[in-house]
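Undergrad: Fold the following and give me the result.
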Amino acid sequence: MSTLEEDRDTAPHGLPAVRRPPAARAWPAGMWRAGKRATRRWAGGLIEMAGRHRLFTAALGLAVVPRVIVMAGFAPAALFKLDTYDYLWDATHLIPNPVNPSGYAVFLWLLWPFHSLVLVAGLQHLMGLGIAVMMYAVLRRRGVASWLSVLATTPVLFDPAQFLLEQLIMADLLAMFLMVAALAVLLMRESPTIWRSMTAALLMGASAVVRPTTLPLILLIVIYLLVQRSGWRAAGAALAAGLLPVAGYVAWFAAATGSVGLTNSDGLFLWSRTMSFANCASIKPPPDLLALCPGRQRVGMLDPHVPSVRLQPKRYLWSHDAWLWQPPAKGIVPDTAGFTAANNARAMDFAIRAIEAQPLAYARVVGTEVFQAFTTSDQFHFPGTQPVAVDLTPANRSYMLAAVRGYLGSTAGIGPYLGVRFGSRLVEPWAGLVSRYQDHIHLPGPVFGLLILLGLGGILYRRTRTAAGVLLWVSSAVVIISPVAEHEYTYRYIIPAVPLACLAAALTARSRGRDAAADAGQGDPAGRPAVAGASGASGATVG
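TA: The predicted structure is shown next:
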């Protein structure tokens, strides 16, 4: 018989049958069988792992339920102010935005072929669950008891503010996921390899081009590696890897706009922050900056003759009666015209002068607003009533609908539900269930404050101080303080710090001695036993 066997399938249109080697015909079947075996092994391993971590598996499964209800109750997703529409517009035009980095717009661009905001929100809910999984894995790897590891993940698993962040078509959740992934990769081993260090820093750099708040955390990773004695090579490689996405984005932004930076907005945001305390009698700005003084801004109900009355910084930044919008500009994208390189440089000059002239006033307003995160509760929640398109200017409404139409191919019937804050179609009874849920279950501000204090105590007390705990606590402090110092306090900016604070607190309160030994065999997701002690699995003691 010939080494080639005739294909028994009938050839089309009477053409001669194709002859192929037997191995070639067997290849797809062999690959199929190998794939089935790999799938069975993976599923079996997953079931085995779930069995070893039954408490967390139960909590994770339970956390899926409110997320499904959220997706059913707020369709097709939660659209937020004009920011959401900026991201949708930039995704379809693939251009960098002068106000916020467009890393999230690139993420949306990758999903654009599906024309589905439901898909985007669904992926973000999976990321939220993934954050909890990574938290649990890190804590178990470092010898924290199972019950305490699960407890540390509950704010991420069940806080309605977290659900809303996941349902929003906004950059916050993606940046949060990448940030936690970076720290998880770094902290899963006490002494990370060069490749692990580079991967962690690369993820953090990617997070920074989504939300620049995480940019300082790249440097914190480098410092952590040096403290852990990972070597200068690992630290240098991590720094290079972390700055790679940032440098790439800066090059793209410069090519598109002619300005070097991530945005044309950092000076303008900082200028708006100084409007909370700036006194031009103390600052003595040059004549070309006098127009930036708070008394010159005719915004909202502010009386320019009563300089002691101050509005929220965002009112100065976004009111089109402020200096940066003069003369008024027209265009389809209404809220970017003021963010030019020239305006940004001018605003930065004023802001630096204001902070140098009044450093205590600046520290006071930042400290006062940071403190709000720990004294108030239920600050970021789903709308309880149907948003309606009132108080929208014709220009804004036209832009919002154009952005949605460009991304989805139609307005998806959400035109009547556009709002000045949220845009979403509320579907009952699911939206009502979410509203009642958030009335009773949320992370209270004082409890969040206790978590921060517990983590701080852990790094101040020598016996519980670890490099990992210091890294996590300082990272949470940076995430909390940075947006307030640059612009203003909003609880949405604080939410990404919650998992970091929970991780730091759990490492401080981890079980030791007999409690950890009794939990042996469940020390990490791979089933290796936990190691308890002042150092060891919990990281090297610092100090």
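
Undergrad: switch to C-alpha atoms for all contacts and neighbour counts from now on
TA: Fine.

Undergrad: Domain map for this structure?
TA: Domain ranges of the chain: 19-52, 53-262+379-538, 266-374, per automatic domain parsing.

Undergrad: average model confidence for stretch 453-467?
TA: What stretch 453-467 shows for mean pLDDT is 88.

Undergrad: Go through that stretch and flag the buried ones.
TA: Residues 454-456, 458-459, 464-467 are the ones in stretch 453-467 that count as buried (16 or more other CA atoms under 10 Å).

Undergrad: likewise stretch 377-386?
TA: Buried, per 16+ other CA under 10 Å, within stretch 377-386: 377-378, 380-383, 386.

Undergrad: ok, of the residues you listed, which one's closest to Asp349?
TA: Relative to Asp349, the closest of those is Phe380; by CA to CA it sits at 33.2 Å.

Undergrad: Wasn't the closest one part of a strand?
TA: No: applying DSSP: H, G, I helix; E, B strand; the rest coil, one finds Phe380 to be coil, outside a strand.

Undergrad: so it sits right up against Tyr489, yeah?
TA: No: when contacts are counted by CA atoms under 8 Å, Phe380 is not listed as touching Tyr489 (12.0 Å).

Undergrad: if we can go back for a sec, can you tell me which of the domains of the chain is packed in deepest?
TA: domain 53-262+379-538 (a mean of 20; mean count of other CA atoms under 10 Å).

Undergrad: can I get the CA coordinates of stretch 486-499 in CSV?
TA: Backbone C-alpha positions of stretch 486-499 (Å, rounded to 0.1, in the frame of the first residue of the first chain) are rendered in CSV as follows:
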residue,chain,number,x,y,z
GLU,A,486,-3.6,67.0,43.4
HIS,A,487,-7.3,67.9,43.1
GLU,A,488,-9.9,67.0,45.8
TYR,A,489,-11.5,64.3,47.9
THR,A,490,-14.0,61.9,46.3
TYR,A,491,-14.6,58.5,47.8
ARG,A,492,-14.3,56.9,44.3
TYR,A,493,-10.6,57.8,44.4
ILE,A,494,-10.2,56.1,47.8
ILE,A,495,-11.8,52.7,46.9
PRO,A,496,-8.6,51.3,45.2
ALA,A,497,-6.8,51.7,48.5
VAL,A,498,-9.2,49.4,50.3
PRO,A,499,-7.6,46.0,49.2
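
Undergrad: how far away is Gly432 from Val118?
TA: Counting by CA to CA, to the nearest Å, the gap from Gly432 to Val118 is 19 Å.

Undergrad: need the contact list for the nearest residue to Val420 once chain neighbours are set aside.
TA: Closest residue to Val420 apart from its sequence neighbours, by CA to CA, 6 or more residues apart in numbering: Lys81 at 5.6 Å. With contacts defined as CA atoms under 8 Å, 6 or more residues apart in numbering, Lys81 is in contact with 419-423.

Undergrad: Tell me which of those residues fall in strands.
TA: Within the contacts of Lys81, residues falling in strands by DSSP state E are 422-423.

Undergrad: Turn the contacts of Lys81 into JSON lines, including distance to Pro294 and pLDDT.
TA: Shown next, in JSON lines, are the contacts of Lys81 (distance: CA to CA, whole Å; pLDDT from 0 to 100):
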{"residue": "Gly419", "distance to Pro294": "29", "pLDDT": "82"}
{"residue": "Val420", "distance to Pro294": "25", "pLDDT": "81"}
{"residue": "Arg421", "distance to Pro294": "26", "pLDDT": "86"}
{"residue": "Phe422", "distance to Pro294": "29", "pLDDT": "90"}
{"residue": "Gly423", "distance to Pro294": "32", "pLDDT": "90"}
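
Undergrad: need the contacts of Lys81 in JSON lines with distance to Val150, can you?
TA: What follows is those, written out as JSON lines (distance: CA to CA, whole Å):
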{"residue": "Gly419", "distance to Val150": "38"}
{"residue": "Val420", "distance to Val150": "38"}
{"residue": "Arg421", "distance to Val150": "34"}
{"residue": "Phe422", "distance to Val150": "32"}
{"residue": "Gly423", "distance to Val150": "34"}
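
Undergrad: quick one: which of the contacts of Lys81 is nearest to Ala337?
TA: Checking the contacts of Lys81 one by one against Ala337 (CA to CA), the nearest turns out to be Val420, at 19.4 Å.
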